[in-house]
Each structure stands twice: as structure tokens, then as C-alpha cells.
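Colleague: What shape does this take:
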Amino acid sequence: MQTFDRFLSFSCFSQAHRQFILLCTGILSSFLLSSLLLKYLTEFCPLPRNVIQYYTPTQKSCRGDRHVVFMKVPKSGSTTLQNIFFRFGLSRDVKFMLPKRDNWLSKSRIIDRDDIFPNHAGQPFDILCNHIRYNRSDMLRFTHNDTSRIAIIREPGSHLRSYLYYYHLAYLNLQQSPETDIVRKFLKHPEKHATKILSNPVSEWLSILPTANDTADSMKGFKDRLFQLDKDFKLILIMERMDESLVLMKRLLCWNLEDIIYIPRNVNHLYPRGHLNAADKIRHERISRFDYVLYAHFSAKLDSIIDHSGEDFQDEVRFFKKILQSVKEFCANWRRKVGTSLRIDPSPWSQGFTVSSMSCLLLTYSELEIQNYVGLWQYGDIWETIHTHS
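Modeller: Next up, the predicted model:
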């Protein structure tokens with residue numbers, strides 16, 4: 001009954017859907033009902049789709065996914081995730097798609113071959129993790145058919161605050177002072193500022209905003225593209241639940257705990273933290289309602305998958321947090337520890353591994369530093385000759 005109640009709780013079931021399911025309970029056996037619900041859920045409410053593809057921690061027969069597209073959504077913890085994908089690829093000798101200029105593969109949604117370093121003999125790239133907006137059909141031209149798509153998103157109010165404090169305030173005609181919260185100042189009169197770049201920025205990045213063809217019902221068109229995005233991606237992580245998200249990603253991709261250790265990158269410690277108050281959240285939802293729907297959808301999906309991930313899932317998350325603390329302490333003064341290493345013992349969830357001073361160097365590299373390291377590793381002198389910064 002608990003499982004049945006969980007099925008009914010999914011927000012995508014309308015009242016008519018619930019009545020239909022309840023009607024079925026009176027005329028179908030429990031076996032047939034379970035089969036019908038599974039089919040109904042996967043067709044009309046695709047939230048826990050990835051549960052079916054889940055790998056248990058002790059499953060040794062699975063082969064780790066080496067082909068990944070990571071959508072680097074700005075100001076969502078994405079630089080930390082990019083560092084993970086770069087380090088994973090370095091340890092597996094994969095081929096990265098890298099830009100010839102700065103850290104953008106493209107400022108549009110189309111990848112121009114003249115803007116990227118070529119792969120050997122025109123072969124597909126294994127990992128793509130630089131800035132670019134999502135375009136499924138265009139990315140298929142450059143990646144493997146079995147590529148796993150991953151992204152990370154952030155609570156919209158927190159994302160707005162990070163955006164405003166990170167980018168030039170003068171450009172937004174906002175002035176910072178001890179007496180003024182620039183987020184509140186922006187939300188009181190968003191029309192006076194650069195509202196377009198701060199209106200549903202994540203939905204825009206993932207290419208699911210309504211189009212001119214959706215004028216009759218823009219929310220319906222948005223949700224149609226949202227469900228397609230759900231099908232396209234193996235997992236969309238939630239920044240506020242980074243460690244749970246990463247352990248889940250590790251299980252879905254059949255990786256090791258070593259592959260997902262991290263030290264947060266590109267974090268602005270100067271701006272004040274905190275959530276929007278009720279009034280400001282209402283104001284923000286008026287200009288970014290699609291981002292709020294997007295976040296609620298994938299936050300609920302994360303909950304759903306974790307609920308199906310076994311009794312030991314939270315045990316693994318706690319173990320992972322302990323590893324992260326040990327790595328953080330070891331790497332805090334890694335230059336004084338050259339020649340030493342941190343040994344992580346085997347566990348029920350992963351094989352043992354070693355964190356060296358070189359590991360710490362890569363973990364603490366900035367975005368451009370690790371991209372440059374990967375570029376030199378993959379292309380040698382050609383990287384230094386061709387790659388430029390604006």
C-alpha cells in the first residue's frame with residue numbers, strides 16, 4: 001500500500017488520473033494493477049525513469065559510462081562538476097571536445113567545427129563539459145549514440161542572488177551598499193534592469209522556453225519540452241543536494257567514489273547567502289515562473305529516485321561526506337605534503353583509492369587552469385599555439 005500511495009502522490013497525476021487508478025483497484029488483481037501502474041507511470045509521469053537503469057553499489061559486471069555530455073549551467077555549482085568530469089576523463093584517456101577560444105564551445109546553440117579542436121579522424125568525442133546551450137540534435141553530430149546527458153540546476157531564488165552578485169552590478173544599474181539588498185532592489189523594479197538575462201535563465205539555457213507556437217498555452221508547450229528534457233537526460237543534479245546527487249550519479253554511471261570526490265570551485269564567499277522572503281519570491285516567480293516549475297520537477301524526481309535507491313543509499317552518502325572532509329583536510333596544505341598520500345580504504349560501495357598531491361592539484365585547479373591542463377594533455381604544443389583567451 002505504501003508503494004501505491006507513492007504512485008498517487010506524483011504531482012503529474014490529475015484528479016481524473018487518480019479516479020481512474022482507484023477504479024482499477026476494484027476490478028483488477030494486485031498483480032495486474034502493479035503492471036498497469038508501472039506502464040501508466042512510465043508513459044504519463046516519467047519522473048522515476050532512471051530507477052530502471054540503476055546500478056547497485058556491489059554490481060561488478062556494469063561498465064562505467066565513459067561517454068558524457070554535461071550541460072554546464074552557469075552559477076549552479078557547474079564548475080565543480082566540470083572539474084569532476086575533466087578528472088574522470090584524464091584517468092580514462094578519453095577524448096574531450098575543447099574550444100579553441102576561452103571556455104565556450106559556442107555562444108549560440110550550434111557547434112561550429114572551426115571553433116573546436118578536431119578529434120582524430122573525425123571520431124565522436126567522449127566527453128563534452130564546457131559552456132554551451134543545450135541542442136540535442138546538434139550534439140548528436142559530435143557524440144556517441146550511448147552518451148549519457150547530465151546537468152545541474154539550482155533553486156531559482158538562490159540562483160538569482162548568485163547571478164546578481166557575480167556579474168557586474170553596474171551593467172544592471174544596481175549599486176551595492178550595506179543598507180541595500182541588491183536582490184530586493186532588483187525585484188522591486190525588474191523592468192528597469194536587464195530583465196531578459198535574468199528571466200528563466202536556466203530554462204533558456206536548457207532550450208525549453210515557450211516559443212511563438214505556444215502562444216495559446218505557453219505552460220503546456222513548456223511542460224511538453226520539460227518532459228522531453230527529462231527523457232533526454234540520465235540525471236539532472238540539484239546543487240542544494242550536491243552530495244546526494246553525486247552519489248546517485250555515481251551509481252547511475254557505474255563509477256567509483258574516487259571519480260566523484262570534489263573541492264568546491266568558483267565559489268563567491270563575499271555575497272550574503274539566504275533565501276528570498278515570501279514577497280520577493282512572489283515577485284521573482286512572475287519573471288521566472290518556468291525556472292520554478294523546472295526546479296520543482298527535477299527536485300521531486302531526485303526524491304523519487306532516492307526513495308527507490310535502496311536502504312543503504314544514505315549510508316553511502318554519509319560515508320562519502322566523511323571522505324570529502326578527509327580529502328579537504330589533506331589537500332588544504334598539499335604543497336607541504338608532496339610525496340605523501342591519503343589512503344581511502346575499500347567500502348561496501350566502492351574500491352579503495354589513493355589521493356596524492358597531484359590529485360589535490362587537479363582538485364583545486366580553477367576552471368581555466370584545468371581546461372588548459374587537459375588541452376595540453378590531449379593536444380600538446382598545438383593547444384598552446386591555437387587556443388586563445390579574449
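Colleague: which residue ranges form the strands in the stretch 201-350 of the chain?
Modeller: Here the stretch 201-350 of the chain has its strands, by DSSP state E, counting those that start in this stretch, at 235-238, 341-344.
Colleague: Partner strands of the last one and their direction?
Modeller: This means strand 341-344. Here strand 341-344 has these sheet partners by DSSP bridges: strand 353-356 (antiparallel).
Colleague: Now the partner strand - C-alpha only, PDB.
Modeller: Output of strand 353-356 as PDB, limited to C-alpha atoms (Å, rounded to 0.1, in the frame of the first residue of the first chain):
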ATOM      1  CA  PHE A 353      41.900   4.500  -3.700                       C
ATOM      2  CA  THR A 354      44.700   7.000  -3.000                       C
ATOM      3  CA  VAL A 355      44.600  10.800  -3.100                       C
ATOM      4  CA  SER A 356      48.100  12.200  -3.900                       C
END
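Colleague: pLDDT on whichever helix or strand comes after that strand, on average?
Modeller: Note on strand 353-356: by DSSP states H and E, the next helix or strand toward the C-terminus is helix 357-364. The pLDDT scores in helix 357-364 average 94.
Colleague: With stretch 261-277 instead?
Modeller: Mean per-residue pLDDT for stretch 261-277: 80.
Colleague: Which of the strands of the stretch 201-350 of the chain has the highest mean neighbour count?
Modeller: Most buried of the strands of the stretch 201-350 of the chain by mean neighbour count (mean count of other Cβ atoms under 10 Å) is strand 235-238; its value is a mean of 23. (C-beta placed from N, C-alpha, C; glycine too.)
Colleague: strand partners of that strand, parallel vs antiparallel please.
Modeller: When DSSP bridges is applied, strand 235-238 pairs with strand 148-153 (parallel).
Colleague: thinking again about what came up before, now the strands of the stretch 201-350 of the chain as JSON lines including distance to Lys75?
Modeller: Formatted as JSON lines, the strands of the stretch 201-350 of the chain follow (distance: least, Cβ to Cβ, whole Å):
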{"stretch": "strand 235-238", "distance to Lys75": "14"}
{"stretch": "strand 341-344", "distance to Lys75": "31"}
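Colleague: weakest of those strands by average pLDDT?
Modeller: strand 341-344 (a mean of 95).
Colleague: mind listing what's buried in stretch 371-384?
Modeller: Within stretch 371-384, the residues that qualify as buried are Gln371, Asn372, Tyr373, Val374, Gly375, Gln378, Tyr379, Trp383, counting by 16 or more other Cβ atoms under 10 Å.
Colleague: For Pro201, which residues are in contact?
Modeller: Contacts of Pro201 were listed using Cβ atoms under 8 Å, 6 or more residues apart in numbering, and they are Pro74, His159, Tyr163, Ser288, Asp291.
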